[in-house]
Each structure stands twice: as structure tokens, then as C-alpha cells.
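S.K.: Let's see this in three dimensions:
(chains A and B)
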Amino acid sequence: MSTEKLAQLMKDLAENQTSHGISLSVEMFDTENKVACIKVEDREEFPIYMTADEGQILCISYLFGDEQVDPDKRTAMVEAMLMMNVSIPLSAFSKIGDQYIMFGALSPKASIDELLHEIELLSDNVLEAIEAVSDYLKEAA
Amino acid sequence: MGIFNKLLSAVRGGATEVGEAIVDSQAIRILEQEIRDSKKALNDAKTGLTSIMAEKMGVDRKVKDLGEKITEHETYAIQAIDKGDESLALDIANKIAEFEHELTIQQGIRDGYDSKVASLKKMIRQSERNIQAMDREVSVVKTTAKVQKANDLASAKFSGSNSSLRSATDSLERIKERQQKREDQASAAMELHADENGDDLQAKLKNAGIVNSGNSGSSILDRLKKQKGQS
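M.R.: Take a look at the predicted model:
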């Protein structure tokens, strides 16, 4: 895992965000300098975690945990997610531990424009996705 | 077991508690050990390939030598026939027969080596690809583990001691509200702007005498005077 690569990406993001008309806060998240945390303005609830290694740049956003899913609708939701997966532009559903996530992966050689586009789209997709599956979630208390 | 299956067992076994590593580090360690083993096996296979290729070169040389010897002895045999030495010619022909027999054997061995080399090369390519894939996957699994840790930290920060974990739909609602507010503000600003422009226009129209200049102080005074005069 390359910390230099990640630091460079963060710098590029900070410098180029305005040209895309989005406002991001970008900070290193962990002490090992392996994970960057990107927050899109007004959408701080769903931060995007970015990591970079020789294989790929990975952008991950957490949707919700198992505990928020209506147990009776879980299978239906997972199936809906699987079916949606292909048609969602550039992002895909997955699961880490008990957390449902949405992620996008880019080539480490991707341009900063492509990365910004990815982040923008992922952020949009996350909101759309939660809206789309909200029927499968427990009613908010 | 295939790579994907191993990965599945590595990322499964997830713990649910906040702050607890979600990736089974033991499974990852096992996977890494397997990668190391595969790399060692790959190296052995490469060494094996080298020695087989060296052996094959030896056989190649033997085949070439035998071919040359056969050609050479054929010339001798023809010379012997030309000299009318039938028995010498027969001896030479017998020798050629021996060579040819040996050649057949060596060619068989060489063919064997050829196919062995080809399959070894194929195997090496295959395991190189597998190792690369495993390396990549393990790296992703480790990355997601780090992200998981990061997210646990973040949500721990978000949720105070009293509040339960934030719900995704609540968050979405909050974002939508914020967005709506922002849009409202923007349209209010637009309206304000339009009003200001409208005022400008009114003023211009008044100046141009197109719109009634409205009731000025003096016109009111005039009106009041008229009213007083009438009464």
C-alpha cells in the first residue's frame, strides 16, 4: 500500500475540486496514513474512504449496518441490490463485515478528473441507493 | 479450494461489535502463508524448468551428433560399395542401423522433454497469475479492514453515549433537508435579486414617465387643498 500515492491523490483532490464545482474536505484518517476520509459538502453523514495501492484506488462509502435492515426483508433487499448492481454507474454494492457498502475502484493511473468524477458519482449513488432500499430498512425510531 | 473461496472465509467470520476487526486476521495469515508457499513452489518449478531445458539441450546435441554420424557413415558405406567391399559396406550399414535405433530413442526422449517443458511453462504462467491474483485480493481485504476500522472510529465519534447508531434513512433525510434549505436559500436570493431588478425597472419607468410617478408629497397636498376648497 502506497502512502505517497495516497498523499498525492489527496493533494490533487484538494487542488482540483473547485474546478468540478464540488466542495470536499479531505483528510488523512488513520495514523498509518493508509486511509483518507473525503467528505462531500452537505453530505458529511456519508464520508468516502479512499485507499490506494499498486493494484487500484478504492473509494468506499458505508450505507448501513445489518441492524438497520428489516430482518423479514433482508433476502429481498440483498437480491434487489444484486440486481441493481449492474445498472449503477461506476459504483457497486458490497458488504464489509456487517456493514453494507457502496464502492468504486479505479486504476492507479486514473487522472484526477476521473477520480473527482468517481467521488461525485459515488456520493450521488449512495444517496440514491439508500432511497431505493429504504423500504427494506427498519422504520426509523 | 479456489482463491475466491479462501477469500470468502477470510472476510466472513465478521465480528459485529464496533471497533472489532472485521476481517479474520488468522484466515489472512493462512492465505499469506499459502501465497508464500505458492511462490516457493513457483521458484522450484522454475529451477526444475531450467534443469529440464539443460537436459533437453544435451539430448538435442545427441540427436544432432547421431544425425551427423549417420550421414557420415552413409558416405563411408557408399565408398565401400564403390570399392566393391561388400562385407565392409554391410558392417557400416549395421553401424548405421545402430545409430538410427539410438536416434529414434533420443528423439523420443527429446519429444518427451519438449512436452514437459511446454507444460511446465504453462504451469508457471498459471501459478504466476494465481499468485498475482491472491496478492491483489489479500491487499484489498487488508485495505477494507483498515477502512472498516476507520469507519468504526467515525461512527463511534458520531454516536454519542446516548444516541443509538445513526440510521441511514435519518441521515438521508437530514441531507435532503439541508439540500432543500440550500435550494430555498438560493431561490430566495434569486427572488430578492429579481425584486431589486424590478425596483430598478420601476424607477426607470417612472423616470421615463411611462408609469405614474405615484403619490408624491406635493400631489397629496394638492389633493388635500382641493378637498378643503370643495367642502
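S.K.: So in chain B, which helix runs the longest?
M.R.: When chain B is parsed with DSSP state H, its longest helix is helix B:86-158.
S.K.: what packs against it?
M.R.: Under the contact definition 3 or more Cβ pairs under 8 Å, 6 or more residues apart in numbering or on different chains; DSSP states H and E, helix B:86-158 sits against strand A:48-52, strand A:57-65, strand A:92-96, helix B:3-11, helix B:25-82. In this view, the C-beta of every residue, glycine as well, is placed from N, C-alpha and C.
S.K.: quick one: it to helix B:25-82, angle?
M.R.: Counting by axes from the mean of the first three to the mean of the last three Cα atoms, to 10 degrees, helix B:86-158 lies at 170 degrees to helix B:25-82.
S.K.: Report the inter-axis angle for helix B:86-158 versus strand A:48-52.
M.R.: Using the same axes, to 10 degrees: helix B:86-158 against strand A:48-52 is 150 degrees.
S.K.: Tell me which residue of chain A lies closest to chain B.
M.R.: Chain B sits closest to A:G97 of chain A, with a gap of 3.2 Å, by Cβ to the nearest Cβ.
S.K.: can I assume that residue is in contact with B:Q148?
M.R.: Yes - look at A:G97 against B:Q148 with Cβ atoms under 8 Å: they come within range, at 6.0 Å.
S.K.: what about A:M50, neighbour count?
M.R.: 26 (other Cβ atoms under 10 Å in any protein chain shown).
S.K.: likewise A:Y100?
M.R.: Count around A:Y100 with other Cβ under 10 Å applied: 23.
S.K.: Around A:L127, how many other residues sit close by?
M.R.: So A:L127, with other Cβ under 10 Å, has 20 neighbours.
S.K.: quick one: contacts for it?
M.R.: For A:L127, the contacting residues are A:R43, A:F46, B:L172, B:I175, by Cβ atoms under 8 Å, 6 or more residues apart in numbering or on different chains.
S.K.: Let me know the closest of these to A:K138.
M.R.: B:L172 (14.0 Å; Cβ to Cβ).
S.K.: That closest one and A:V133 touch, don't they?
M.R.: No - using Cβ under 8 Å, B:L172 is not in contact with A:V133; the gap is 10.6 Å.
S.K.: and the helices and strands packed on helix B:86-158, which is most packed in?
M.R.: strand A:48-52 (a mean of 26; mean count of other Cβ atoms under 10 Å in any protein chain shown).
S.K.: Quick check, central residue of chain B?
M.R.: B:R136 (7.7 Å; Cα atoms, centre = their mean).
S.K.: Secondary structure class of the closest residue to that residue other than its chain neighbours, three-state.
M.R.: Nearest non-adjacent residue to B:R136, counting by Cβ to Cβ, 6 or more residues apart in numbering or on different chains: A:G55, 4.7 Å away. Classification of A:G55 using DSSP: H, G, I helix; E, B strand; the rest coil returns coil.
S.K.: what's A:G55 in contact with, if anything?
M.R.: A:G55 touches A:P108, B:R136, B:S139, B:V140, counting by Cβ under 8 Å, 6+ apart.
S.K.: Just give me the neighbour total for the last one.
M.R.: Spelled out, that is B:V140. 18.
S.K.: What separation is there between it and B:D152?
M.R.: Distance of B:V140 to B:D152, computed by Cβ to Cβ, to the nearest Å: 18 Å.
S.K.: could you point out where chain A is predicted with low confidence?
M.R.: Applying pLDDT under 70 to chain A flags residues A:1, A:18-20, A:140-141.
S.K.: Please enumerate the helices of it.
M.R.: A:3-16, A:74-85, A:112-133.
S.K.: Can you check which of the helices and strands packed on helix B:86-158 gets nearest to B:G217?
M.R.: Nearest to B:G217, of all the helices and strands packed on helix B:86-158, is strand A:48-52, at 63.3 Å by Cβ to Cβ.
S.K.: Just the angle for that closest one relative to helix A:112-133, thanks.
M.R.: 140 degrees.
S.K.: Quickly run through the sheet partners of strand A:48-52, with directions.
M.R.: Sheet pairing of strand A:48-52 (DSSP bridges) gives strand A:36-40 (antiparallel), strand A:57-65 (antiparallel).
S.K.: what's the closest of the ones you listed to A:Q17?
M.R.: Across those, closest to A:Q17 is strand A:36-40 (Cβ to Cβ), at 9.5 Å.
S.K.: CA atoms only for the closest one - export them in CSV, please.
M.R.: Extracted in CSV, the C-alpha atoms of strand A:36-40 (Å, rounded to 0.1, in the frame of the first residue of the first chain):
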residue,chain,number,x,y,z
ALA,A,36,-8.1,9.1,3.5
CYS,A,37,-11.5,10.4,4.5
ILE,A,38,-13.4,12.5,2.0
LYS,A,39,-16.5,14.4,2.9
VAL,A,40,-18.7,16.0,0.2
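S.K.: Quick one: residues in contact with it.
M.R.: Taking Cβ under 8 Å, 6+ apart as the rule, strand A:36-40 contacts A:6, A:9-10, A:13, A:22-29, A:46-51, A:59, A:119-120, A:123, B:150, B:154.
S.K.: Nice, that's everything, thank you.
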